[in-house]
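> following is a predicted model, sequence given first.
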Amino acid sequence: MSSSIIMPLIGGILIGISSSLMMLLLGRVTGISGILSTSFSTFKQSEQNWRRTFIIGLILGGFLSKLVFPNLFNFEIQSSLRTIIIAGLLVGFGTSLGSGCTSGHGVCGIALLSKRSFIATLTFMLSGVITVAIMRLI
């Protein structure tokens with residue numbers, strides 16, 4: 001198998017394992033936007049600790065991936081900074097509007113057979129398809 005198939009497969013397996021461990025060990029859904037948005041809130045210190053540790057782990061995991069697999073990061077971003085900022089703001093707005101992101105709804109919510117998560121994930125995916133279609137026409 002080529003690395004274009006193996007790397008996403010490994011990534012998917014790691015996401016599944018980490019989401020399962022989060023549910024088994026902490027009884028929590030691995031929703032990145034929820035973890036990030038509440039990591040500096042008024043939760044008890046123990047709640048803040050695991051959330052902050054999780055976020056630090058995500059960041060360090062990215063740096064470690066860059067060190068171990070530098071060829072995966074050989075790409076050029078062809079969008080302008082303005083487009084990237086607008087896209088980021090729209091994603092943030094959609095995350096807020098949808099009460100979560102694809103990690104919480106798409107990975108964990110669907111696994112828990114949540115109707116709300118099925119609808120949210122379908123909405124996320126449809127919005128992405130429509131956005132790509134519009135951007136390719138422009």
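Looks like it came in fine.

> mind listing the helices for the chain?
Using DSSP state H, the helices of the chain run over 3-26, 32-38, 45-68, 81-97, 110-111, 115-137.

> of all these, which lies closest to Gly104?
Nearest to Gly104 among the helices of the chain is helix 32-38; the distance by CB to CB comes to 5.9 Å. Backbone N, C-alpha and C define where each C-beta goes, glycine included.

> now do the buried residues in the closest one.
Buried residues in helix 32-38, counted by 16 or more other CB atoms under 10 Å: 32-36.

> and the contacts of that helix?
Residues outside helix 32-38 that contact it (CB atoms under 8 Å, 6 or more residues apart in numbering): 47, 51, 54-55, 58, 95, 100-101, 103-104.

> and that helix, how far out from the chain middle?
With CA atoms, centre = their mean, to the nearest Å as the basis, helix 32-38 stands 10 Å off its chain's centre.

> pull out the buried members of the contacts of helix 32-38.
Neighbour-count burial (16+ other CB under 10 Å) is assigned, among the contacts of helix 32-38, to 51, 54, 95, 100-101, 103-104.

> nearest to Ser20 among these?
Ser103 (13.1 Å).

> that closest one against Met22, yeah?
No. Applying CB atoms under 8 Å as the test, Ser103 and Met22 come out as separate, 10.3 Å apart.
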